[in-house]
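Student: generate coordinates for the sequence data below:
(chains A and B)
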Protein chains: 2
Amino acid sequence: VSRPAVVRVDLGARGYDVVVGRGVVGDRLGGLLSGRRRCAVVTQERAGTPHAALVEDALVAAGIEHVVVEMGDGEEHKTLGTVEALAERLAGWGLKRSDAVVALGGGIVGDTAGFLAATYMRGVPIVQVPTTLLAMVDSAIGGKTGVNLGAGKNLVGAFHQPIGVLADPTVLATLPDREYRCGLGEVAKYALLGDLALQAVVADRTPALLARDPGVLAEVVAACAAAKAAVVAADEEERTGARAVLNYGHTLAHALETAGGYRLAHGEAVAVGLVFAGRLAAELARIPSTVADRHRALVEALGLPVAAPAGLDADEVVALMRRDKKSEGGLTFVLAGPSGVERVDDPPAGALLAALGAVGVGGGEVV
Amino acid sequence: VSRPAVVRVDLGARGYDVVVGRGVVGDRLGGLLSGRRRCAVVTQERAGTPHAALVEDALVAAGIEHVVVEMGDGEEHKTLGTVEALAERLAGWGLKRSDAVVALGGGIVGDTAGFLAATYMRGVPIVQVPTTLLAMVDSAIGGKTGVNLGAGKNLVGAFHQPIGVLADPTVLATLPDREYRCGLGEVAKYALLGDLALQAVVADRTPALLARDPGVLAEVVAACAAAKAAVVAADEEERTGARAVLNYGHTLAHALETAGGYRLAHGEAVAVGLVFAGRLAAELARIPSTVADRHRALVEALGLPVAAPAGLDADEVVALMRRDKKSEGGLTFVLAGPSGVERVDDPPAGALLAALGAVGVGGGEVV
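Tutor: Residues are numbered from 1 along each chain as shown, chains lettered A, B, ... in the order given. This is a model prediction of the structure:
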């Protein structure tokens, strides 16, 4: 049994560890909650079933009284209505500000329970126990919490750092294929953001990664967590722009998700967005064409789509990108370049249409 | 025309001014929002009518595009459902994270709009423009925001400091009598917390205060704001216990509100709670009986109740006080004493029943 990897999210008094490895929940959860009397475990029905016992056993062993509170699965349950129902359960059970919450599940549980913890009695501590690859490498780390409105995703939320993140890659063995591949989309993002060691692991050990080998997964999850932790430490609340690099590939991804009526899952849309971002940077002569080719090759090797669903119109996609909540009306991309990844506004129409064409989004005249 | 009083809430990068005086909205709102393009004004129907023009004129003069968004009046509207409806309005209108919110109204609007601003896009700036005495001296200052659950008041919320508070005492001229007197309950709290100058103003100029003389009101509001600002600066998020002094009189007040089925308004219940707290401290020999008498005299002079509604049972009231969300199961009071106001846990039953009897809560055997 190898030792777990410990990645520090360096935020001073709000700092915490992301611990990655087999058995970390049983080994670490009791210690994280030491001194607390009670704890509410928020999970979703499906995610709860196989893994709730891990969390419950750890709490029982630590002598912490607990209750398991379930929420529905799916984006349509990530709402203020769910937060209200969960908060009523916590209050009815008598959870105090000195107690804690554990989020056990994927990104939807993590975001919703995170917002619940941020706001219940104006803030209670939370431990994130992610059970999907996407949550382990991205959403469980960094304190971004929130729920959806009818008007858009994640429009209501809070920054609320967890007191710890416990990621056991062995739980990914039972994750449905498509969800696992979606997580690989974010893994590809971190690799292409410039982590050459991670690029090498992904490229050299692709079959083991696709087979969910726990050793390779532990290495990959820890590397992604370290990348995310560094960005979060530099820009905790998205004020300086440093955190924007985490949106690499996401401007097109959000538009493709909307335009495709969510036929593309988020991680798949990010994969296409990464291929597009590489190509656009090459069109703008910010990077050699060979680097753009490497974007495409890496995405393809992970079994992820390199092109948008057929039939999308470039003008429509561009209009959607302009409406992105971070765009302020212009067209904003995060692109690789000679001095690293940075924000690029309003690229020339020719380059934009060429890069869109390279991922199968055709047509388009006026941009 | 006298110059406005400026009270600094000293919270470093999150610090801000409470500006008190006639015409401060017109004079200061534009400057507070300078550089922002758009602003949503959240108000309640009743509060909005007489004063919305003040805010709208100031925004128009400053060249800031705005929309007025109304919410229902009353505790039953202080919910996550209202927050969701308001957030959808803001998103539909296109409010960005770089824009701002103005809360125009009493405590219900301030708390609800404050929580909206704390969570919309994970936080937008807010200016509080209180239109009730209670909001001017208490709820608009200090960044406590929140909404109610079925399980209790203010159980979901956030700490979100405003970028400024603009209090014009002349708007209090049209406040309904009972609401005005409720604000006086909190004024009495600050005076009895040890502000001797404020005690003198309240005692010496009672008729002018009851007549809502703008000059006296400006002086009183500024003194209360200064008292609150000092406590908030010492304990922004209720972590050290310093902020607990603001709950002077509130342990009994909350129980009376619940036991009386909300026949007592909050400020009235606080008034009775202050008389009780003075008497309990005297019973415990923490203060001379004359100081307890002064509590009662000051409350009475302001036209506020000095006794609970008839027919309440001491055992029931004690049981309710034990369930207070800050009690952790015991009985916790904030009481005056030789070294100032401090927290006192589980006083002897005899003293407790005597103090309850002094405010008309009879009976009681086992405590």
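Student: looking at it, A:K228 is touching A:Y190, isn't it?
Tutor: Yes - using Cβ atoms under 8 Å, A:K228 is in contact with A:Y190, at 7.4 Å. No exception for glycine: its C-beta is placed from N, CA and C like everyone else's.
Student: which residues do the two both contact?
Tutor: Shared contacts of A:K228 and A:Y190 (Cβ atoms under 8 Å, 6 or more residues apart in numbering or on different chains): A:V137.
Student: quick check: residues of chain A near chain B?
Tutor: With Cβ under 8 Å from any Cβ of the partner chain as the criterion, chain A meets chain B at residues A:79-81, A:83-84, A:87-88, A:91-92, A:96, A:98, A:115, A:118-123, A:144, A:146, A:149-152, A:155-159, A:237-238, A:325, A:328.
Student: strands of the stretch 151-300 of chain A, start to end?
Tutor: A:152-159, A:164-167 (DSSP state E, counting those that start in this stretch).
Student: a markdown table for the ones you listed, including mean pLDDT and mean neighbour count?
Tutor: Converted to a markdown table, the strands of the stretch 151-300 of chain A look like this (pLDDT from 0 to 100; neighbours: other Cβ atoms under 10 Å in any protein chain shown):
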| stretch | mean pLDDT | mean neighbour count |
| --- | --- | --- |
| strand A:152-159 | 94 | 20 |
| strand A:164-167 | 98 | 28 |
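Student: then stretch A:200-210 to PDB, C-alphas only?
Tutor: Output of stretch A:200-210 as PDB, limited to C-alpha atoms (Å, rounded to 0.1, in the frame of the first residue of the first chain):
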ATOM      1  CA  ALA A 200       3.900  12.600 -20.000                       C
ATOM      2  CA  VAL A 201       1.900  10.400 -17.600                       C
ATOM      3  CA  VAL A 202      -1.300  10.800 -19.600                       C
ATOM      4  CA  ALA A 203       0.500  10.100 -22.900                       C
ATOM      5  CA  ASP A 204       2.700   7.200 -21.700                       C
ATOM      6  CA  ARG A 205       0.200   5.400 -19.500                       C
ATOM      7  CA  THR A 206      -3.000   6.000 -21.400                       C
ATOM      8  CA  PRO A 207      -4.200   2.400 -21.300                       C
ATOM      9  CA  ALA A 208      -3.700   2.100 -17.500                       C
ATOM     10  CA  LEU A 209      -5.500   5.400 -17.100                       C
ATOM     11  CA  LEU A 210      -8.400   4.300 -19.200                       C
END
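Student: taking the stretch 1-150 of chain A, what residue is nearest to chain B?
Tutor: Nearest residue of the stretch 1-150 of chain A to chain B: A:A91, at 3.5 Å (Cβ to the nearest Cβ).
Student: got any ranges where chain A has weak pLDDT?
Tutor: A:1, A:46-49, A:262, A:325-329, A:364-367 (pLDDT under 70).
Student: quick one, longest helix in it?
Tutor: helix A:214-234 (DSSP state H).
Student: could you check it and say which residues are buried?
Tutor: A:214, A:216-229, A:231-233 (16 or more other Cβ atoms under 10 Å in any protein chain shown).
Student: next: stretch A:27-39.
Tutor: Result for stretch A:27-39 [16+ other Cβ under 10 Å]: buried residues A:R28, A:L29, A:G30, A:L32, A:L33, A:R36, A:R38, A:C39.
Student: and stretch A:310-320, by the same measure?
Tutor: Quick answer for stretch A:310-320 (16+ other Cβ under 10 Å): A:L312, A:A314, A:D315, A:V317, A:V318, A:L320.
Student: any idea which of those is the one closest to A:L11?
Tutor: For the buried residues of stretch A:310-320, the residue nearest A:L11 by Cβ to Cβ is A:L320; the value is 33.9 Å.
Student: grab the nearest non-local neighbour of A:A85.
Tutor: A:M71 (7.8 Å; Cβ to Cβ, 6 or more residues apart in numbering or on different chains).
Student: burial measure for that neighbour, as a count.
Tutor: Applying other Cβ atoms under 10 Å in any protein chain shown, we find 25 residues neighbouring A:M71.
Student: and if you look at A:G63?
Tutor: 10.
Student: same deal with A:A211?
Tutor: Counted with other Cβ under 10 Å, A:A211 comes out at 11.
Student: then A:G150?
Tutor: 11.
Student: and what of A:G340?
Tutor: 9.
Student: let me see the contact set for it.
Tutor: A:G194.
Student: from A:A281, how far out is it?
Tutor: 12 Å (Cβ to Cβ, to the nearest Å).
Student: and if you look at A:F115?
Tutor: 35 Å.
Student: ok, of the residues of chain A next to chain B, which come out buried?
Tutor: A:79-80, A:83-84, A:87-88, A:91, A:96, A:115, A:118-123, A:144, A:146, A:149, A:151-152, A:155-159, A:238, A:325.
Student: strands - which of those residues land there?
Tutor: A:K144, A:G146, A:L149, A:G152, A:L155, A:V156, A:G157, A:A158, A:F159 (DSSP state E).
Student: now those residues as a markdown table including distance to A:G260?
Tutor: Putting those into a markdown table (distance: Cβ to Cβ, whole Å) gives the following:
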| residue | distance to A:G260 |
| --- | --- |
| A:K144 | 24 |
| A:G146 | 23 |
| A:L149 | 21 |
| A:G152 | 16 |
| A:L155 | 21 |
| A:V156 | 25 |
| A:G157 | 25 |
| A:A158 | 30 |
| A:F159 | 30 |
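Student: which one among the residues you listed gets closest to B:D138?
Tutor: Distances from B:D138 to these, taken by Cβ to Cβ, are shortest for A:A158, at 23.9 Å.
Student: who are the contact partners of the closest one?
Tutor: A:A158 touches A:G114, A:F115, A:A118, A:T119, A:T145, A:G146, B:A118, B:T119, B:R122, B:G123, B:A158, counting by Cβ under 8 Å, 6+ apart.
Student: next: A:V299.
Tutor: A:V299 is in contact with A:G185, A:A188, A:A271, A:V272, A:L274, A:V275, A:P305, A:V306, counting by Cβ under 8 Å, 6+ apart.
Student: of all these, which comes closest to B:G363?
Tutor: A:G185 (67.5 Å).
Student: touching, the closest one and A:G267? I think so.
Tutor: Yes - using Cβ under 8 Å, A:G185 is in contact with A:G267, at 3.2 Å.
Student: shared neighbours of these two, anything?
Tutor: Contacts common to A:G185 and A:G267, judged by Cβ under 8 Å, 6+ apart, are A:L134, A:L304.
Student: skip the chain neighbours and tell me the closest residue to the closest residue to chain B within the stretch 151-300 of chain A.
Tutor: Closest residue of the stretch 151-300 of chain A to chain B, Cβ to the nearest Cβ: A:A151 (3.5 Å). Counting by Cβ to Cβ, 6+ apart, A:A151 lies nearest to B:A91, which is 3.5 Å off, once chain neighbours are set aside.
Student: now do A:L104
Tutor: In space, and not counting its chain neighbours, A:L104 is closest to A:T43: 4.2 Å by Cβ to Cβ, 6+ apart.
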